[in-house]
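**Student:** Everything below, folded, please.
(one chain, ligands or ions: 1)
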Amino acid sequence: MEEIVRRRQTEFTAERDWERFHKPRSLLLALVGEVGELAELFQWKEEVLPGLPGWRPQERARVADELADVLIYLTELAAVCHVDLPRAVLTKMAQNACKYPAEKVRGSSKKYNEYTEEQNAQDPKLETQQEVPGE
Ligand SMILES: [Mg+2]
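**Tutor:** Next up, the predicted model:
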């Protein structure tokens, strides 16, 4: 899907001669603006449950619109930065799987370095090995 979005957005930009405006910094700021528009929809509400129960159809449509804006700018930003976004996402997901092994983190929201510290405290030999850099 990313490829379709990227191609269609490239065409959209080219047909309007907007490449001169769609530079990395401007696209990043546009992306942040769209994230802000998405955040505004959730602002001042109580905790929102998955599926957005109780939200009006117009509110749900706005969420879809803003999510689409975010994805469009993200995709275009990656393209102008010459980042292969699907590859970068898969690489990052693999790194996350290593950082957060399911058997160690299941049911917890701790950050990966808290697990490392916990592990070191349980096994002082491990901590000693990590304190000597370069060996
Ligand atoms: Mg928008």
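**Student:** residues contacting the closest residue to the ion within the chain?
**Tutor:** Among all residues of the chain, D69 sits closest to the ion, at 3.9 Å; criterion: CB to the ion. Every C-beta, even on glycine, is put in place using the N, C-alpha and C of the backbone. With contacts defined as CB atoms under 8 Å, 6 or more residues apart in numbering, D69 is in contact with E34, E37, L38.
**Student:** Mind checking what helix or strand follows the one helix or strand it maps to in sequence?
**Tutor:** Using DSSP states H and E, D69 maps to helix 57-80. Going down the chain from helix 57-80, the next helix or strand is helix 85-99, by DSSP H and E.
**Student:** Let me know whether the helix or strand harbouring L41 sits next to the ion.
**Tutor:** Under the criterion of DSSP H and E, L41 resides in helix 24-42. Yes. Helix 24-42 is in contact with the ion by CB under 5 Å from the ion, via E34, E37.
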